[in-house]
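**Q** predicted model and sequence follow; I will ask about them next.
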Amino acid sequence: MKIGIVCYPTFGGSGVVATELGLALAEKGHQIHFISYSQPVRLDFFSGNLFYHEVSVSDYPLFDYPPYELVLASKLVDVVKYEKLDLLHVHYAIPHASAAYMAKQILASQGIKIPFITTLHGTDITLVGKDPSFEPVITFAINQSDAVTAVSESLKDDTYANFPSVRKEINVIPNFIRLEDYKTDENKCHKKMYAPNGERLLIHISNFRKVKRVDDVLRVFDKVRKVIPSKLILVGDGPERPVIEKLCRELDTCNDIKSLGKIVNPEQILGIADLFLLTSETESFGLAALEAMAAKTPVISSNSGGLPEVNKNGFSGYMSNVGDIDDMAKNAIRILKDELVLNQFKLNAYEQAKKFNIDAILPMYEKLYKDVLKASVN
Ligand code: GMT
């Protein structure tokens, strides 16, 4: 198949999932065309089946807000036509689904059929999309999609709850990891760099937005390190960073925290961690938690959104109510204080991650593509 994948190219989970999906499809012989405003961070080109088409928005002085959606729609028309694509798969509804709809209509007027699939990722539904300034367009674009997927049951439920006029069937296809990328035992020697005296190593990875509650990560860590010698690694960057820097000074924990900024492939650093912290207000799936588990790192998380579908309470880690930092710290200590318990949780985390290996998930997307193509020729 020739598939156009539209995604955000940045470090967010939706872009990562879209890129990894494209890479895996290309490996299976499909021709994959990424369409985005810059090259997706995890995209490398060791395959003749991979193509990248840049959407460039001109900055005419009249535009305080350059019309990205229109430029994207035009680009989709162009790529579909000249690369002879079979279908479009857009990740994150805003504004990709409505741009795909527009492209589909333009192409139909020229006698070209192009079905499009929309994958909902989270904040496009739970945070941004439900805002009345987006809602009618999102509802329309979801209903007009040839198929819709959500990355968790929880997100599917949220979509119907937040968008009462959505009538479209939503298929749940969970996020995935490629287990073979997590050869973590090779990296153990690096641990000394961050935990020179054998401290436990905790880690958090996110885009440092408010929804991640990174201040809770710091507070949980503060409680843990008072009981167990520990260090915390922060990976990622975003608007909450200044708040976090201030808080670590207030808590006097800065010396035990290392911020590494954005990392393209986090497998190595996850592989040396003992515990992953994800304290989010809401998380439709929590891809970073799954990546941690694939690296044999148990997860202390909140129990919001789709996290209970990923982190198995008492097995791959523990879950607590959002903001319950005492409970999170108690659970973290329970895992970290005993080497045998920690090792068991590490193995369990890996066992849980196996359920989301790409081998199990990719066929779900391929089947959906075939079904959509079949329906569109009829
Ligand atoms: O977490 C973010 O804000 C980024 C966002 C995105 O669209 O990149 O992540 C969402 O999609 C990920 C991939 O499907 C999910 O794993 C995240 O849980 C989801 N984030 C939220 O729901 C907050």
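**A** Sure, I can see it.
**Q** my read is that A24 contacts E180, right?
**A** No - with contact defined as CB atoms under 8 Å, A24 does not reach E180; the gap is 11.1 Å. Every residue, glycine included, has its C-beta placed from N, CA and C.
**Q** of these two, who's got more company?
**A** Comparing A24 with E180 by other CB atoms under 10 Å, the one with more neighbours is A24, at 19 against 10.
**Q** quick one: contacts for the more buried one?
**A** Residues near A24 by CB atoms under 8 Å, 6 or more residues apart in numbering: 178, 358, 362.
**Q** any idea how far it lies from the ligand?
**A** In this view, A24 and the ligand are 15 Å apart by CB to the nearest ligand atom, to the nearest Å.
**Q** check contacts around H91.
**A** H91 touches 5-8, 14-15, 17-18, 119, 121, counting by CB under 8 Å, 6+ apart.
**Q** near the ligand, which residues of the stretch 201-350 of the chain? Just list them.
**A** 207, 209, 211, 282-287 (CB under 6 Å from any ligand atom).
**Q** for the stretch 1-150 of the chain, same thing?
**A** With CB under 6 Å from any ligand atom as the criterion, the stretch 1-150 of the chain meets the ligand at residues 12-15, 17, 92, 121-123, 126.
**Q** circling back: now the contacts of H91 as a markdown table including secondary structure, pLDDT and neighbour count?
**A** Converted to a markdown table, the contacts of H91 look like this (DSSP: H, G, I helix; E, B strand; the rest coil; pLDDT from 0 to 100; neighbours: other CB atoms under 10 Å):
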| residue | secondary structure | pLDDT | neighbour count |
| --- | --- | --- | --- |
| I5 | strand | 98 | 25 |
| V6 | strand | 98 | 29 |
| C7 | coil | 96 | 26 |
| Y8 | coil | 94 | 21 |
| S14 | helix | 93 | 25 |
| G15 | helix | 93 | 22 |
| V17 | helix | 95 | 25 |
| A18 | helix | 96 | 28 |
| T119 | strand | 98 | 30 |
| H121 | coil | 96 | 27 |
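**Q** picking up where we left off before, which one of the residues of the stretch 201-350 of the chain next to the ligand is nearest S304?
**A** Comparing those against S304 with CB to CB places T282 closest, at 4.8 Å.
**Q** which element is that closest one on?
**A** Under the criterion DSSP states H and E, no helix or strand holds T282.
**Q** report pLDDT for it.
**A** T282 is assigned a predicted lDDT (pLDDT) of 94.
**Q** repeat for D185
**A** On the pLDDT scale, D185 gets 64.
**Q** got it, and K188?
**A** For K188, the pLDDT comes out at 68.
**Q** going forward can the numbers begin at 328, since that is how I track them
**A** Yep, numbering from 328; the last one is K515 now.
**Q** got a list of contacts for the lengthiest helix in the chain?
**A** Longest helix in the chain, counting residues (DSSP state H): helix 685-704. The contact list for helix 685-704 (CB under 8 Å, 6+ apart) reads 328, 330, 347-348, 351-352, 355, 413-414, 416, 440, 442, 444, 473-474, 476, 498, 500-506.
**Q** the host helix or strand of A426 - what's its average pLDDT?
**A** For A426, the host element (DSSP H and E) is helix 420-436. Averaged over helix 420-436, pLDDT sits at 97.
**Q** what does it contact?
**A** With CB under 8 Å, 6+ apart as the test, helix 420-436 has contacts from 333-334, 395-397, 399-401, 403-404, 407-408, 415, 417, 440-443, 445, 447, 451-452, 455-456, 461, 464-465, 467-469, 471-472.
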